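Engineer: sequence first, then the predicted structure, then my questions.
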Amino acid sequence: MKRKSLLLVIALLATSGANAGVVDDLLRQYQAQASQPFDAERAKALWTAKHRDPETGKDISCSTCHTADLRKAGEHNTTGKPIEPMAPSINPQRLTDAAKIEKWFKRNCKGTFNRECTPQEKGDFLTYFRNQ
Amino acid sequence: MTTNTDTRILVWDFPTRIFHWLLVASFAAAWLTHEDNRFLDIHVFAGYLFLSLLLFRLAWGVVGSRYARFQTFAHRWPTVWAYTKGLLTGEASRYLGHNPAGGWAIFVMLALGLLISLTGLTVLGGEEGHGPLAGLVSFDLGEGTHELHEVLSSLMLGVIAIHILAVFVESFLHRENLVRPMITGYMKGRGDGEPVAKHGLLGIGIVALSIVAASTYFWGYMIETQDDPYRIFKGPTLPDNALWRQECGDCHLAFHPSLLPARSWVKLLETQSDHFGEDLGLDQTALDELRQFHTTNAAESRLTEPANKIIRSVPAGEAPLAITQTQYWKNKHRDIDETYWKNPRIKSRSNCAACHLDAKAGTFEDAAMRLPDIK
């Protein structure tokens, strides 16, 4: 399984355009602080894993707003604002700006898990997103 | 003075009758639409029509036909007094055209009508920033004349009630239907002196002009689409900022700075790590730019009517972090049924754009509000 996703990363690296550089740089940074190779399957499980929101008492996950299918548009849980699809294949704007990626990791990990994500989790997520 | 004879003579020419009934219609339309902001377009159009009719009547009072001329019914006070006393004893003389008391009522109604139109224009210009006086009248003057506009209109309604009552009293007194002459134009009487011309073409012209004006004003509603709704009142272009649109607009409607006091925005940015449960994680450069943009264009700038009213409704020591916490917002939305807020398409009180067509622009024009169909 790990080998498969690693192969995919390599395949993408080979065919990547300018944007791949942004993701690769981040992945390198995260990998330096992570103990295991990145795994899209692990991110996929975390994406839909429910967490209790201490303020509302409701169970939420990344997919609450973004939906479980990264290719679909989502909707902000409380405000109802539309959210563009996460998948770069559908929405080429995604994963093109390192500062934005970091900002949203910080904002949404805290908002969903009540803590910041670890470099391991961020690397897993990026690996998961870029293949969509 | 005349006595009843069998001759039918024309008293009210066509333009005078058209004037009368269009004035009735425009006043009624304006009165019935004055409570609800959504009908501001109808209210304002009715007002323009009302004023145009009054101006026509002023001219017609000078150059019109015999009974329409002011000279004919501008009686002196002793005559009015004698007539009014006669009404009480049942001995009032019969007049063709306006009787002395009725003539005075006409002058009172014309004057009231002109004052109502004038104050309507100052409210429209001052509070809403629309109409011919936009930019010339301050918000405060607009608001100050708002109450006067309402008081004068109520007075007008009172005079109208007296006018209608008098028509019935007189009809009873002289055993004739006084409503009919305002429709047909004819009364029974002796045709002494200058006969009244019909002026039919002028009357038709007034009707045609009114129809053309109404069609032009409201035509946009006929061709509007769901995505491009027609708006008669468009607010000013407010100061904009790309960073604000992006950072705030990512998660919710980018609420224009003019909707909260500067102190609220400062506090909001200072507490960005717990922004309604989320950590915004904005860096210092972004914070500085947003603070600059928000404090410069905050409600204190009084850029719009809501800005004026919000800044006034927030007590000096308070810095609400949500527009929905201001007293002005609460008052404005108290009649909105709970089912709207709970509807999945509206979802939240912060979703201004669900009803306000100009929420993104930040102008929140009174007439740009439409409750969506949630059935």
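Structural biologist: Nice, thanks for sending it over. These numbers were taken from a predicted model, which means no experiment stands behind them.

Engineer: so where's chain A uncertain?
Structural biologist: Residue ranges of chain A with pLDDT under 70: A:1-19.

Engineer: again, only this time at 80
Structural biologist: A:1-20, A:54-56 (pLDDT under 80).

Engineer: now the strands for it?
Structural biologist: Along chain A, counting by DSSP state E, strands occupy A:51-52, A:59-60, A:74-75, A:82-83.

Engineer: which other helices and strands contact the first one?
Structural biologist: Using 3 or more Cβ pairs under 8 Å, 6 or more residues apart in numbering or on different chains; DSSP states H and E as the contact criterion, the neighbours of strand A:51-52 among helices and strands are strand A:59-60. Just so you know, the C-beta spots here come from the backbone N, C-alpha and C atoms, and that holds for glycine as well.

Engineer: ok, and does the strand it packs on reach over to chain B?
Structural biologist: No. Using Cβ under 8 Å from any Cβ of the partner chain, strand A:59-60 stays clear of chain B, coming no nearer than 10.8 Å.

Engineer: buried stuff in the host helix or strand of B:Ile311?
Structural biologist: In this assignment (DSSP states H and E), B:Ile311 forms part of helix B:305-313. For helix B:305-313, the neighbour count (16 or more other Cβ atoms under 10 Å in any protein chain shown) marks B:Glu305, B:Pro306, B:Ala307, B:Asn308, B:Lys309, B:Ile310, B:Ile311, B:Ser313 as buried.

Engineer: let's have the residues you listed in TSV, adding pLDDT.
Structural biologist: Formatted as TSV, those follow (pLDDT from 0 to 100):
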residue	pLDDT
B:Glu305	93
B:Pro306	95
B:Ala307	96
B:Asn308	95
B:Lys309	95
B:Ile310	96
B:Ile311	95
B:Ser313	94
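
Engineer: do a quick rundown of the helices in chain A.
Structural biologist: A:2-15, A:19-33, A:40-48, A:62-66, A:98-113, A:119-130 (DSSP state H).

Engineer: chain B is nearest to which of those helices?
Structural biologist: Smallest distance to chain B across the helices of chain A (Cβ to the nearest Cβ): 4.2 Å, for helix A:98-113.

Engineer: which SS state does B:Glu194 fall under?
Structural biologist: State at B:Glu194, reduced to three classes by DSSP: H, G, I helix; E, B strand; the rest coil: coil.

Engineer: thought it was touching B:Ala68?
Structural biologist: No. Assessed by Cβ atoms under 8 Å, B:Glu194 is found out of contact with B:Ala68, at 11.9 Å.

Engineer: deepest-packed of the strands of chain A, please.
Structural biologist: strand A:74-75 (a mean of 18; mean count of other Cβ atoms under 10 Å in any protein chain shown).

Engineer: which strands and helices lie in contact with that strand?
Structural biologist: Here strand A:74-75 touches helix A:62-66, strand A:82-83, going by 3+ Cβ pairs under 8 Å, 6+ apart.

Engineer: how about the helices of chain A in a markdown table, adding distance to chain B and mean neighbour count?
Structural biologist: Compiled in a markdown table, those are given as follows (distance: least, Cβ to the nearest Cβ, whole Å; neighbours: other Cβ atoms under 10 Å in any protein chain shown):
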| stretch | distance to chain B | mean neighbour count |
| --- | --- | --- |
| helix A:2-15 | 27 | 12 |
| helix A:19-33 | 16 | 16 |
| helix A:40-48 | 19 | 18 |
| helix A:62-66 | 10 | 20 |
| helix A:98-113 | 4 | 17 |
| helix A:119-130 | 14 | 22 |
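
Engineer: so for B:His356, which of those sits nearest?
Structural biologist: Counting by Cβ to Cβ, B:His356 lies closest to helix A:62-66 out of those; the figure is 23.8 Å.

Engineer: what are the ranges of the helices in the stretch 251-375 of chain B?
Structural biologist: Applying DSSP state H, counting those that start in this stretch to the stretch 251-375 of chain B gives helices spanning B:262-270, B:284-296, B:305-313, B:327-333, B:338-342.

Engineer: show me what the fourth one is packed up against.
Structural biologist: The contact analysis (3+ Cβ pairs under 8 Å, 6+ apart) places helix B:327-333 against helix B:305-313.

Engineer: ok, residues contacting the helix it packs on?
Structural biologist: B:127-129, B:139, B:143, B:258-261, B:299-302, B:323, B:326-329, B:331, B:364, B:366 (Cβ atoms under 8 Å, 6 or more residues apart in numbering or on different chains).

Engineer: what's the neighbour count on B:Ser301?
Structural biologist: B:Ser301 has 17 neighbours, counted by other Cβ atoms under 10 Å in any protein chain shown.

Engineer: helices of the stretch 101-250 of chain B, start to end?
Structural biologist: Under the criterion DSSP H, counting those that start in this stretch, the stretch 101-250 of chain B contains helices at B:139-173, B:180-184, B:200-218, B:220-223, B:242-249.

Engineer: would you list these in JSON lines and tack on mean neighbour count and mean pLDDT?
Structural biologist: Listed next are the helices of the stretch 101-250 of chain B as JSON lines, based on neighbours: other Cβ atoms under 10 Å in any protein chain shown; pLDDT from 0 to 100:
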{"stretch": "helix B:139-173", "mean neighbour count": "15", "mean pLDDT": "95"}
{"stretch": "helix B:180-184", "mean neighbour count": "15", "mean pLDDT": "94"}
{"stretch": "helix B:200-218", "mean neighbour count": "13", "mean pLDDT": "96"}
{"stretch": "helix B:220-223", "mean neighbour count": "10", "mean pLDDT": "92"}
{"stretch": "helix B:242-249", "mean neighbour count": "15", "mean pLDDT": "94"}
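
Engineer: do you know which of those lies nearest B:Ser52?
Structural biologist: Counting by Cβ to Cβ, B:Ser52 lies closest to helix B:200-218 out of the helices of the stretch 101-250 of chain B; the figure is 8.0 Å.
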